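**Student:** Predicted structure and sequence below. I'll ask about it afterward.
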2 protein chains.
Amino acid sequence: MGTDRHEEMLDELGAAIASGELAPGAVLRSEELQERYGASRTVAREVVRVLETMGLTSSRRRVGVTVREPAEWNHYDPRLIRWQLDGADRPAALRTLTELRSAVEPCAARFAAIRATPEERGRIRALAVHLQRTARARDLDAFLGHDVAFHDLLLSASRNPMFAQLSSVVAEVLAGRTGHGLMPDEPQPEAVALHVEVAEAIDLADPVRAERAMRDIVEQAREEIAAAVSSNLGD
Amino acid sequence: MGTDRHEEMLDELGAAIASGELAPGAVLRSEELQERYGASRTVAREVVRVLETMGLTSSRRRVGVTVREPAEWNHYDPRLIRWQLDGADRPAALRTLTELRSAVEPCAARFAAIRATPEERGRIRALAVHLQRTARARDLDAFLGHDVAFHDLLLSASRNPMFAQLSSVVAEVLAGRTGHGLMPDEPQPEAVALHVEVAEAIDLADPVRAERAMRDIVEQAREEIAAAVSSNLGD
DNA sequence: CAAACTCAAAAGTACTACTTAATCAAGAAG
DNA sequence: CTTCTTGATTAAGTAGTACTTTTGAGTTTG
């Protein structure tokens, strides 16, 4: 019985709240939760505590556990992001994340141009070259891998922990695009060229050019997603 | 004894980790934590669970509770933000938050210009007028209040929950500036004019102008903070 | 000397008993 | 008849104990 019932129950209950299956304002009794998820009181309590710190619920004596409004949730919690991406409203979640990405990455590119170590500059250039090669070879999987690595490295080179933490968000957005038939057979040559330009600008410590090129990249990506979401993107 | 020992212990322990007092890699035994904070086993366990979901610690059997690397922390958790702002490295925390703000707010202004309701547009304009008035009257406290309200409303009008959630971050940055002698006696007239321009642009549904004006605002603020941090900002 | 084995330490899980707070309702006072 | 008080009840919070599982470290054995 010592096999992490905690995470199991947290995932189920959290996903139920994130998906709206348990609507805001709904009240649960902790005893009821225990039996519904077959967990002991200890586990149930700790799960509720965690949900509480994520802002998903609030507990009051004599009342029970209340599901809070989405506006009060901690939307940057990796678990919540995952639950929303796996939930019914995946397109909306993807839109939100893409917008965040489009806001942050240009700024991150600017700081990376100023603050990256020599090693990081070299690795970013190398990844840009890999991108060119895999794009020409139409190897979409390898392209995605290098794309994720490129953006990840850039974010961490910005020397801002809050930017760096968005690496998983960017990875999710990029993977979401490739995995859902939004990508053409061959990555757009302009997008690849812009990646090379970003890499060059960072290498040459040119923050203005790095930011502008990155802005072009994310704007293009954002428009693609917005178009896909507004038409249809069931799954 | 039923007076939320949980939050008390969470705050103490979390602050100790966030401030580096408990260095990454440090190992604690949960029994030891119980007695150090005078909490019961139940409370100690739940606190550790919460810290674990925040990425501050990881627990392993036979080993204990290990403090994780800052890179693994969930830097967007409001509690962690608070602990860092209250800790020894407040200037660094303020720098990080200001950079995030400078990345997000221009983008948020753009979306607000597209998506705000008529009521929101009106209220944003009204707040800009209040800003002008209080600036001329050199009432810095009232100015700060309206400034916070202005940015808060704009962020929520962007219709992106992740942007909206940064409202407290922006409030913290703005308050941090006023509260630490960084503000001149009278708010800079250009900054006030830019706020008015943002409000106008949103009112007229002009995303490009809204974004540009907001970019000017946050860049100015960011440079101020950067200058103050690089010179001295003990407290 | 290495691989397997045993032991013990520490977190995880389960359960029970008790405490505190808050809601709701009944009853007393105005 | 309204309002305030008070008490009963309910459900979460806290405390503590017993038991299980994992796993690191030391020990034995081939």
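**Tutor:** Noted; the coordinates are in hand. Numbering: from 1, shown residues only, chains lettered A, B, ... in the order given.

**Student:** Which other helices and strands does the strand or helix carrying residue A:149 contact?
**Tutor:** Here residue A:149, judged by DSSP states H and E, is contained in helix A:140-157. Packing partners of helix A:140-157 (3 or more CB pairs under 8 Å, 6 or more residues apart in numbering or on different chains; DSSP states H and E): helix A:90-115, helix A:118-136, helix A:161-164, helix A:167-179, helix A:189-203. For every residue, glycine as well, the C-beta is placed using N, CA and C.

**Student:** okay, the ones you listed, which one's buried deepest?
**Tutor:** For those, ranked by mean neighbour count under the definition mean count of other CB atoms under 10 Å in any protein chain shown, the leader is helix A:90-115 at a mean of 23.

**Student:** about what we covered before: compute the inter-axis angle for the helix holding residue A:149 and helix A:189-203.
**Tutor:** Orientation of helix A:140-157 against helix A:189-203 (axes from the mean of the first three to the mean of the last three CA atoms, to 10 degrees) gives an angle of 30 degrees.

**Student:** Flag every buried residue along helix A:140-157.
**Tutor:** Within helix A:140-157, the residues that qualify as buried are A:140, A:143-157, counting by 16 or more other CB atoms under 10 Å in any protein chain shown.

**Student:** gap between it and the chain center?
**Tutor:** 14 Å (CA atoms, centre = their mean, to the nearest Å).

**Student:** Show me the contact partners of that helix.
**Tutor:** Outside helix A:140-157, the residues that touch it by CB atoms under 8 Å, 6 or more residues apart in numbering or on different chains are A:104-105, A:108-109, A:111-112, A:115-117, A:120, A:123-124, A:127-128, A:130-131, A:134-135, A:163-164, A:166-167, A:170-171, A:174-175, A:178, A:183, A:185, A:187, A:195, A:198-199, A:202.

**Student:** same check, this time on stretch A:191-206
**Tutor:** With CB under 8 Å, 6+ apart as the criterion, stretch A:191-206 contacts A:109, A:112-114, A:116, A:121-122, A:124-125, A:127-129, A:131-132, A:135, A:147, A:150, A:154, A:157, A:207, A:209-210, A:213-214, A:216-217, A:220-221.

**Student:** could you dump that stretch to CSV, C-alpha only?
**Tutor:** The C-alpha trace of stretch A:191-206 is given here as CSV (Å, rounded to 0.1, in the frame of the first residue of the first chain):
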residue,chain,number,x,y,z
ALA,A,191,11.2,30.5,-39.7
VAL,A,192,14.5,28.5,-39.9
ALA,A,193,16.3,31.6,-41.2
LEU,A,194,15.0,33.6,-38.3
HIS,A,195,16.3,31.0,-35.8
VAL,A,196,19.7,31.4,-37.4
GLU,A,197,19.5,35.1,-37.2
VAL,A,198,18.6,34.9,-33.5
ALA,A,199,21.6,32.7,-32.9
GLU,A,200,23.9,35.0,-34.8
ALA,A,201,22.6,38.1,-32.9
ILE,A,202,23.1,36.4,-29.6
ASP,A,203,26.6,35.3,-30.6
LEU,A,204,27.4,38.8,-31.6
ALA,A,205,25.8,40.2,-28.4
ASP,A,206,23.3,42.2,-30.4
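
**Student:** Minimum distance to DNA strand D: which of the helices and strands packed on helix A:140-157 has it?
**Tutor:** helix A:167-179 (24.3 Å; CB to the nearest atom of the strand).

**Student:** residues from chain A in reach of DNA strand D?
**Tutor:** Selection of chain A residues close to DNA strand D by CB under 7 Å from any atom of the strand yields A:1-3, A:28-31, A:42, A:45, A:48, A:59-65.

**Student:** Tell me the secondary structure at residue A:186.
**Tutor:** coil (DSSP: H, G, I helix; E, B strand; the rest coil).

**Student:** dump the residue contacts of it.
**Tutor:** A:135-136, A:138.

**Student:** Let's have those residues in JSON lines, adding pLDDT and distance to residue A:24.
**Tutor:** JSON lines is the format used below for the contacts of residue A:186 (pLDDT from 0 to 100; distance: CB to CB, whole Å):
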{"residue": "A:135", "pLDDT": "94", "distance to residue A:24": "44"}
{"residue": "A:136", "pLDDT": "93", "distance to residue A:24": "50"}
{"residue": "A:138", "pLDDT": "92", "distance to residue A:24": "46"}
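
**Student:** could those residues be laid out in JSON lines, adding distance to residue A:230?
**Tutor:** Below are the contacts of residue A:186 laid out as JSON lines (distance: CB to CB, whole Å):
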{"residue": "A:135", "distance to residue A:230": "27"}
{"residue": "A:136", "distance to residue A:230": "32"}
{"residue": "A:138", "distance to residue A:230": "28"}
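
**Student:** Closest one of those to chain B?
**Tutor:** residue A:135 (27.5 Å; CB to the nearest CB).

**Student:** Need the pLDDT of the closest residue to residue A:198 other than its chain neighbours.
**Tutor:** Spatial nearest neighbour of residue A:198, chain neighbours left out: residue A:213 (4.6 Å); criterion: CB to CB, 6 or more residues apart in numbering or on different chains. Confidence at residue A:213, expressed as pLDDT, is 98.

**Student:** Just list the residues touching residue A:213, thanks.
**Tutor:** Counting by CB under 8 Å, 6+ apart, residue A:213 makes contact with A:109, A:194, A:197-198, A:201.

**Student:** tell me which element it falls in.
**Tutor:** Residue A:213 belongs to helix A:207-231 when elements are defined using DSSP H and E.
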